[in-house]
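In: need coordinates for the below:
(2 chains)
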Number of protein chains: 2
Amino acid sequence: MRCEVLAIGTELLLGQIVDTNGAWIGEQLAEAGVDSYEHRIIGDNQDRIVAALRDLLERADAVLVCGGLGPTQDDLTRDAIAELMGVPLVRQHELVGQIESMFRTRDRAMPENNLRQADVPDGGEAIPNPIGTAPGLLCPVGDKVVYAVPGVPYEMQLMVQEHVLPDLRRRGGDTATIVSRSLKTWGTSESALAETIAHRVDAQTNPTIAFLARGIEGLVVRITAKAATKKEATELVDAEEGVLRDILGDLVFAVDDETMEQAVLNRLLKRGWTLGVAESLTGGLIGARIVDAPGASDVFKGSIASYATDVKRSVLGVTAPSVVTVEAAEQMAEGARRVLGADVGIAVTGVAGPTEQDGVPVGTVFFGLALPGVPTETATARLPGDRVRVRQFSTITLLNLLRQRLDALPE
Amino acid sequence: MRCEVLAIGTELLLGQIVDTNGAWIGEQLAEAGVDSYEHRIIGDNQDRIVAALRDLLERADAVLVCGGLGPTQDDLTRDAIAELMGVPLVRQHELVGQIESMFRTRDRAMPENNLRQADVPDGGEAIPNPIGTAPGLLCPVGDKVVYAVPGVPYEMQLMVQEHVLPDLRRRGGDTATIVSRSLKTWGTSESALAETIAHRVDAQTNPTIAFLARGIEGLVVRITAKAATKKEATELVDAEEGVLRDILGDLVFAVDDETMEQAVLNRLLKRGWTLGVAESLTGGLIGARIVDAPGASDVFKGSIASYATDVKRSVLGVTAPSVVTVEAAEQMAEGARRVLGADVGIAVTGVAGPTEQDGVPVGTVFFGLALPGVPTETATARLPGDRVRVRQFSTITLLNLLRQRLDALPE
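Out: Numbering: from 1, shown residues only, chains lettered A, B, ... in the order given. Next up, the predicted model:
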């Protein structure tokens, strides 16, 4: 099977938006064993969209069109596919009902325009959109197929995973099952990690092992196995995971979609401990990440982002002369624990930049961890990057310190 | 002049790297008054690169190839362009010397492979690369032209700005300049916004008006004008901005790169007021967004993410029986102002989901705004989406309420 990707949007050509959908889709197609030789971006012009579809379908089995399904006059994907197929658009009453009810739920009036989103090329079918108003399209063109999904990443991803990929694999007659597992690591460099497990990577053809650098999600070691059944593929992955975990030790913080914050919450939940956070340079980012994880309400008491020095003193009781020191981090962690009435208090303070503070250079960050029954601990790190990256790295580093600390405590 | 963009790299197709070069180049071309109707990504395959070049050159005056100029066997851009031109590659001794000296300067041994980077298709010329080893290429193909630049963003940008764009402009004999401006709006739906200004969109050919949906950055109305000089183009944009602002009123929260949080900070800075935040369902997200904006430290005192009910009571002094009510939002805003010692206190509480709370349905959010000299105000909204989206929308809605409130106060 070969499926090309066609993104629609003049704003992409003009560089007003960076197309990240193509990379995501490329990764999914590769994982599903579907070839993709070409990605194209075309503006909001029906003639050019039709010409591109025609050209791509000449060599490929399928084209996945991304974008141009909105309600405005600029949104021409539906019309272009109908023209390609040589059929009219047919308004589907069921979709009209869904779109109307979506607006009703949100208590908003539905502009007439939105009904265009209920139009489907005759002979095609709609792909349901449970989280937005624009349905996707699945349109046979001879023995080939054109899929259309919205450009909104969230909606696109859901449709690709639940409808496009299964349909592609069915068409390809691919009966092999692919099972993938990602071991997420934090705390080492890509080259050091690669060296550690090079002998496994070289030895393997099934499962294969790949590295992905994922920024604040860390370095991911991905194990992918192909077998006749899901059970067999899973067994291959399980065995390799065991070998890799013996090598990687506590660098592995989570598996697959589990995030660092989820890993921390799960450990706290198991002990029945609550968590309070005191932040400075991160401004609230740590709390914001924690509440994104399911189950946060059973653990998370809150976070005090004490950005100004006087707030650190008045709310958290910091007395250290400089607020960018290990002493301040220690007092903040204890303050968070006390003020928020939590079992565990963690804290971060430091210099995000752009300039140094109290003689402490940019990127220097101090962490505090106040756990029950043990003395409060501190750590210092020198983090790379600009303000935004220093904040993100501070967040993930603090959570990782807590994860490792919890794992080291007796059960 | 019309110049298409062709990015080369299997790693781009596989999603291992997101192509950000295309967006940057698109913006530069638009600003230089050069049309670009298509961007393509192709893998490291000579036949497919040649076919894509041929196809693109059929309709365009120029193609800018990005990537595939490295020293390895995978790097096929030079060979593909030579094949397209029907000429051999010629090793240029001057380039050999430059590449050798580049390695000498860095104290590194030069692998023999690197000399491939001194090969230029006969009849073409090298574009100098002052910061890397791979020179670019400028290759006439009949009365058209193919440029090749490295995929490394910094090297690419330098070559495009100093060589490719000037050459394109010279060839086009066209001095037209494009000026674009984005009016960022919050508080209405894409289709409602489209209907409001449909008569302007329809009436315009220069400037043109486009809509962009940017998620929590809101809906953007983009005005783009083309004229002989930058001054004339700017005047056209200015005039249209005036007309659109009269229609859109206070939906417009910022222009171009200004974010909502920056818009709020600028207004507070002007009044010399500090800001304190009390959050609940957002967990710290509001504070985290604010500290990303330059100048935050002059305004932002901190944020108290009181996720647990008892923290709302003990830290912020909330006495309302239910913490998902307008009363609670009001008391939280006043608590933030008092506890953080800020001039302005803002707050949000509500139900992010997945289940209702105290009989209040998911997506219901309550806002409080405590400003100096006026009674504390509240607002309620019903927001769409899952937990993550409800949080993001809550954040931006609260900041927008404060922006509108500040604009409505006497100066």
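In: ok, longest helix in chain A?
Out: helix A:387-408 (DSSP state H).
In: that one - contacts with which helices or strands?
Out: Other helices and strands packing on helix A:387-408, by 3 or more CB pairs under 8 Å, 6 or more residues apart in numbering or on different chains; DSSP states H and E, are helix A:260-271, helix A:285-291, strand A:344-350, strand A:364-370, strand A:377-382. (C-beta placed from N, C-alpha, C; glycine too.)
In: what lies in contact with the shortest one?
Out: Identification of contacts with strand A:377-382 by CB atoms under 8 Å, 6 or more residues apart in numbering or on different chains yields A:326, A:329-330, A:361, A:363-369, A:371, A:393-394, A:397, A:401, A:405.
In: thinking again about what came up before, make CSV out of the helices and strands packed on helix A:387-408 and add distance to A:Gly26, mean pLDDT and mean neighbour count.
Out: CSV is the format used below for these (distance: least, CB to CB, whole Å; pLDDT from 0 to 100; neighbours: other CB atoms under 10 Å in any protein chain shown):
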stretch, distance to A:Gly26, mean pLDDT, mean neighbour count
helix A:260-271, 26, 96, 19
helix A:285-291, 27, 97, 28
strand A:344-350, 36, 98, 29
strand A:364-370, 35, 98, 25
strand A:377-382, 34, 96, 15
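In: between those, which gets nearest to B:Lys301?
Out: B:Lys301 lies closest, by CB to CB, to one member of the helices and strands packed on helix A:387-408: strand A:344-350, at 15.3 Å.
In: what's near enough to touch the residue in the stretch 51-200 of chain A positioned nearest to chain B?
Out: Of all residues in the stretch 51-200 of chain A, the one sitting closest to chain B is A:Pro111 (3.7 Å; CB to the nearest CB). A:Pro111 sits next to A:71, B:189, B:191-192, B:194-195 when contact means CB under 8 Å, 6+ apart.
In: write out the residues of the stretch 251-400 of chain A neighbouring chain B.
Out: Within reach of chain B by CB under 8 Å from any CB of the partner chain, the stretch 251-400 of chain A has these residues: A:274, A:277, A:279, A:281-292, A:294, A:296-297, A:300-308, A:310-311, A:314-315, A:339-341, A:352, A:387-388, A:391.
In: follow-up on the earlier one: closest one of the contacts of A:Pro111 to B:Arg170?
Out: B:Ala194 (39.5 Å).
In: you'd agree the closest one is in a helix?
Out: Yes. Assessed by DSSP: H, G, I helix; E, B strand; the rest coil, B:Ala194 belongs to a helix.
In: the bottom helix or strand of chain A by mean pLDDT?
Out: strand A:208-213 (a mean of 79; mean pLDDT, DSSP states H and E).
In: and the helix or strand just after that one, how far out from the chain's middle?
Out: Downstream of strand A:208-213, the first helix or strand assigned by DSSP states H and E is strand A:219-227. Mean C-alpha position of strand A:219-227 versus that of the full chain (CA atoms, centre = their mean, to the nearest Å) differs by 18 Å.
In: which residue sits farthest out from the middle of chain A?
Out: Each residue of chain A has a distance to the centre, and by CA atoms, centre = their mean the biggest one is for A:Pro321: 40.0 Å.
In: now do the SS call for it.
Out: Going by three-state DSSP: A:Pro321 is coil.
In: please read off the pLDDT at it from the model.
Out: For A:Pro321, the pLDDT comes out at 96.
In: about what we covered before: could I get the helices and strands packed on helix A:387-408 as CSV with distance to B:Gln28?
Out: Compiled in CSV, the helices and strands packed on helix A:387-408 are given as follows (distance: least, CB to CB, whole Å):
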stretch, distance to B:Gln28
helix A:260-271, 38
helix A:285-291, 33
strand A:344-350, 37
strand A:364-370, 37
strand A:377-382, 36
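In: of all the ones you listed, which one is nearest A:Pro153?
Out: Using CB to CB, the nearest of the helices and strands packed on helix A:387-408 to A:Pro153 is helix A:285-291, at 19.0 Å.
In: now the element after that closest one, going C-ward?
Out: That would be, after helix A:285-291 and using DSSP H and E, strand A:300-305.
In: quick one: strands adjacent to that following strand?
Out: Counting by DSSP bridges, the strands paired with strand A:300-305 are strand A:275-279 (parallel), strand B:300-306 (antiparallel).
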